[in-house]
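# need a structure here:
(one chain, ligands or ions: 1)
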Amino acid sequence: MDTELWFTEKQTPALGLSLKVKETLLRCRTQFQEIAVLDTLQCGRMLVLDGMVQTTVADEYVYHEMIAHVPLRTHPVPRSVLVIGGGDGGVVREISSYPHVQKIVLVEIDAGVVEAARRFMPEISCALNDPRLEIIYKDGAEFIRTCNDAFDVVIVDSTEPVAIAEGLFGTAFYKGVFDALKKDGIMVAQTESPFYNGLLLRSTFQRISTVFPRSLLYLAPVPTYPSGLWSFTLGSKSFNPLEPAGAYLPPDLRFYSAEIHRSAFILPPFVQELLQNESGINSPVI
Ligand code: AG3
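Model prediction:
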């Protein structure tokens, strides 16, 4: 029998997701984290940061389409968009399909992630050469303090709130995002799994709600992320995400549609409770 290589992410201390590995394409340590690109049998190429699955060629479209098009189509005509994190380029690829977007700024802390994606994941990183794009290698929490009234949409495509990404989940950061947005701007952040990270989801949602006049949570399935159900929190200064104002719908999308946009905001009762409940007793302990 052939020797089998498997990668396992321990999604909780007691549960893991394992993928059979064909080949390890990259494994290196940067100043910030460990980066791995693995070629898997089930999901094709996969980007792993500090042992956590960030994206796979097989299911990346769900996450990238949902984190990008929900805010981009809530705004009638977004022209300037800031992405914090997102060094693999998946979010930039989605933004670049809007003809009216004039400026995209990508602020990624680790140049190693951009290099790895450019080299091994061309289908995800393919828009990183868009002439409208400026890439800045910096901590997003630091960068945001330097922006004022500059963007229509800010997309926070971070890793988990540990180590380098911790500052991207705090109130001070969301206030910075608020100030970086124009007067009718919109932000969205990935806010983890309602099944396994309920407490974190709630506290993040509450922080965003204290800063933005309108904040809403929506969901999408991402099979390779913990529990397979992922949340996003949108903060809007003015436009109503439930009635998207954007007339333009990018062609050839695989998950997002006008109907999915609306249905993604319909939350199961346990998620609604999670957002309302002060004490956290309904939050799963896993
Ligand atoms: N950023 C969010 C990934 C979180 C996954 N968590 C985990 N595997 N424990 C994804 C970046 C994609 N552009």
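# Which positions in this protein make contact with the ligand?
For the chain, the residues found near the ligand under the criterion C-beta under 6 Å from any ligand atom are 9, 52-55, 86, 88, 90, 157, 159-160, 190, 225-226. (C-beta placed from N, C-alpha, C; glycine too.)
# Among those, show me the least confident.
Of all these, residue 160 has the smallest pLDDT value, namely 77.
# OK, contacts around the spatially closest residue to that one that is not a sequence neighbour?
By the measure of C-beta to C-beta, 6 or more residues apart in numbering, the closest residue to residue 160 outside its immediate chain neighbours is residue 52, 6.1 Å from it. Under the criterion of C-beta atoms under 8 Å, 6 or more residues apart in numbering, the contact partners of residue 52 comprise 9, 159-160.
# ok, and the most crowded of those?
Ranked by the number of neighbours (other C-beta atoms under 10 Å), the contacts of residue 52 place residue 159 first, at 21 neighbours.
# List the contacts of that one.
Residue 159 makes contacts with 49-50, 52, 54, 85, 165, as judged by C-beta under 8 Å, 6+ apart.
# Distance to residue 75 and secondary structure added to those, as CSV?
As requested, the contacts of residue 159 are exported to CSV (distance: C-beta to C-beta, whole Å; DSSP: H, G, I helix; E, B strand; the rest coil):
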residue, distance to residue 75, secondary structure
49, 29, strand
50, 33, coil
52, 30, strand
54, 26, strand
85, 20, strand
165, 25, helix
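# any idea which of these is closest to residue 151?
Distances from residue 151 to those, taken as C-beta to C-beta, are shortest for residue 85 (15.0 Å).
# Was I right to think the closest one contacts residue 169?
No: under the contact definition of C-beta atoms under 8 Å, residue 85 does not touch residue 169, with a separation of 11.5 Å.
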